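*Asks:* Here is my input; please provide its structure:
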Amino acid sequence: MKSLPMQQSGAARFLRGLSSSRSPLSPVLTRSRAVPATLPSSCCCPSHNARAVRLYSAPQRPPSPPLGLCPFPRHKECWSCHTALSAADVFCRSCSKIQPVALGTSYFELLSAHTSLSCQPGDCDGASAEDSIFYPKFALDLQQLRRNFLTLQQSVHPDGFTKKSPEERKYSEVQSSLINKAYQTLREPLSRAKYMLGLYNVKVEEGEAPVNQELLMEVMEVREAIEEAEREEDLEEVRQETKAKMNETIASLDEAFGAGDLTLAKALTIELQYRVTMEKALKEWDQP
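*Replies:* As a prediction, this is how the structure comes out:
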């Protein structure tokens with residue numbers, strides 16, 4: 001079999017370098033760290049995780065992930081007419097003026113890709129009846145997400161605010177930029193998983209090795225298949241297998257987030273990083 005030349009795609013070179021001791025993903029240099037499967041201490045409500053679990057288990061509550069977030073304030077005031085608004089409101093319900101981005105507003109809230117439950121007495125320390133517990137969702141309807149994005153982006157685009165006040169022009173630019181970044185992040189499972197973990201102060205480093213060492217063997221096999229391939233058809237079966245395993249990892253991620261298991265969610269996100277890289281390398285293959 002003829003090997004591919006060294007100037008092959010960057011993704012393929014990346015796979016080829018995984019066995020090197022200098023590779024940023026080498027298990028010799030980097031080991032994954034376990035993370036607690038509870039909300040971090042930086043959550044505004046230290047006792048909130050246990051309370052959120054009770055809410056999740058209660059039969060009268062709709063099903064939602066047991067890990068809720070409640071960064072305060074969950075509401076804001078219109079800068080123009082002083083009407084009380086929710087933190088994620090882009091426009092005032094009273095005067096219709098565009099609003100600044102509230103501190104702590106997540107991409108999920110901005111694009112309506114979450115579940116919110118009203119705070120009940122004792123749910124969150126210092127919460128009022130106007131506050132709510134925010135539950136991000138990993139599994140998203142991507143078509144609905146895009147519709148939400150397009151509708152919102154059209155309503156805040158700076159071109160529509162050229163004759164407005166300086167405040168409104170500034171807020172439209174900020175909102176437009178944030179909405180675009182939110183969509184680009186949530187549309188892809190890997191960036192969505194990293195962002196969702198980040199909401200709980202769990203960070204996934206680019207160089208972290210997978211907990212499942214068998215995955216490294218898969219990387220080696222994909223690398224060898226790429227180097228030995230002479231025709232596009234030679235990689236078709238490998239591509240299908242890689243895609244199927246990546247979909248399995250994404251499904252497992254949804255289950256991990258749904259169960260509130262952040263340790264498993266982080267491990268699966270690291271695994272997904274590898275699978276995305278393998279898929280990219282297979283797509284970028286060029287006939288030698």
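*Asks:* Flag the shaky bits of the stretch 51-200 of the chain, pLDDT-wise.
*Replies:* 51-74, 114-134 (pLDDT under 70).
*Asks:* quick one, helices of it?
*Replies:* 107-110, 142-156, 166-186, 189-199 (DSSP state H, counting those that start in this stretch).
*Asks:* Tell me the buried residues in stretch 92-111?
*Replies:* By 16 or more other CB atoms under 10 Å, the buried positions in stretch 92-111 come out as 92, 97-99, 101-102, 104-111. Yep, even glycine has a C-beta here, placed from its N, CA and C like the rest.
*Asks:* Same list, those residues, but as TSV with distance to residue 159 please.
*Replies:* Converted to TSV, the buried residues of stretch 92-111 look like this (distance: CB to CB, whole Å):
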residue	distance to residue 159
92	21
97	17
98	13
99	19
101	19
102	24
104	29
105	23
106	26
107	23
108	27
109	25
110	20
111	21
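*Asks:* Just the pLDDT for residue 9.
*Replies:* What the model reports as pLDDT for residue 9 is 50.
*Asks:* same deal with the one 4 residues further on?
*Replies:* According to the model's per-residue confidence, residue 13 sits at a pLDDT of 53.
*Asks:* before we move on, what about residue 227?
*Replies:* 89.
*Asks:* Got the domain ranges for the protein?
*Replies:* Domain assignment for the chain by automatic domain parsing gives 10-35+208-283, 48-199.
*Asks:* Settle this for me: residue 189 is touching residue 250, isn't it.
*Replies:* Yes. The pair residue 189 / residue 250 is scored as a contact, 4.9 Å apart, by CB atoms under 8 Å.
*Asks:* Between those two, point out the one with more neighbours.
*Replies:* Counted by other CB atoms under 10 Å, residue 189 and residue 250 do not tie: residue 189 has more neighbours, with 23 against 18.
*Asks:* what residues are up against that one?
*Replies:* Taking CB atoms under 8 Å, 6 or more residues apart in numbering, we find residue 189 in contact with 250, 253, 272.
*Asks:* For residue 75, see how far away residue 100 is.
*Replies:* Using CB to CB, to the nearest Å, residue 100 is found at 14 Å from residue 75.
*Asks:* tally of neighbours for residue 276?
*Replies:* Around residue 276 there are 18 residues (other CB under 10 Å).
*Asks:* ok, it - contacts?
*Replies:* If you count contacts by CB under 8 Å, 6+ apart, residue 276 has them with 190, 246.
*Asks:* which element is it on?
*Replies:* Residue 276 is located in helix 262-283, with elements delineated by DSSP states H and E.
*Asks:* can you give me the mean pLDDT across that helix?
*Replies:* In this model, helix 262-283 has a mean pLDDT of 93.
*Asks:* what angle do that helix and helix 189-199 make?
*Replies:* Relative orientation of helix 262-283 versus helix 189-199 (axes from the mean of the first three to the mean of the last three CA atoms, to 10 degrees): 160 degrees.
*Asks:* circling back to that earlier point, any residues in contact with both of residue 189 and residue 250?
*Replies:* residue 272.
*Asks:* rewinding a little: what's the farthest-apart pair in the buried residues of stretch 92-111?
*Replies:* Using CB to CB, the two most remote members of these are 97 and 108, lying 24.2 Å apart.
*Asks:* on that earlier part again, out of the buried residues of stretch 92-111, which is nearest to residue 135?
*Replies:* Distance to residue 135 across the buried residues of stretch 92-111 (CB to CB) is lowest for residue 108, with 8.6 Å.
*Asks:* and that closest one, how far is that from residue 213?
*Replies:* Per CB to CB, residue 108 is found 33 Å from residue 213.
*Asks:* just residue 75 next, same as before
*Replies:* According to CB to CB, residue 75 and residue 213 sit 48 Å apart.
*Asks:* Between those two, point out the one with more neighbours.
*Replies:* Shown here are residue 75 and residue 213; by other CB under 10 Å, residue 75 has more neighbours (16 against 9).
*Asks:* Just grab the bridge partners of that one for me.
*Replies:* With DSSP bridges as the criterion, residue 75 is bridged to residue 86.
*Asks:* Kind regards, and thank you for your time.
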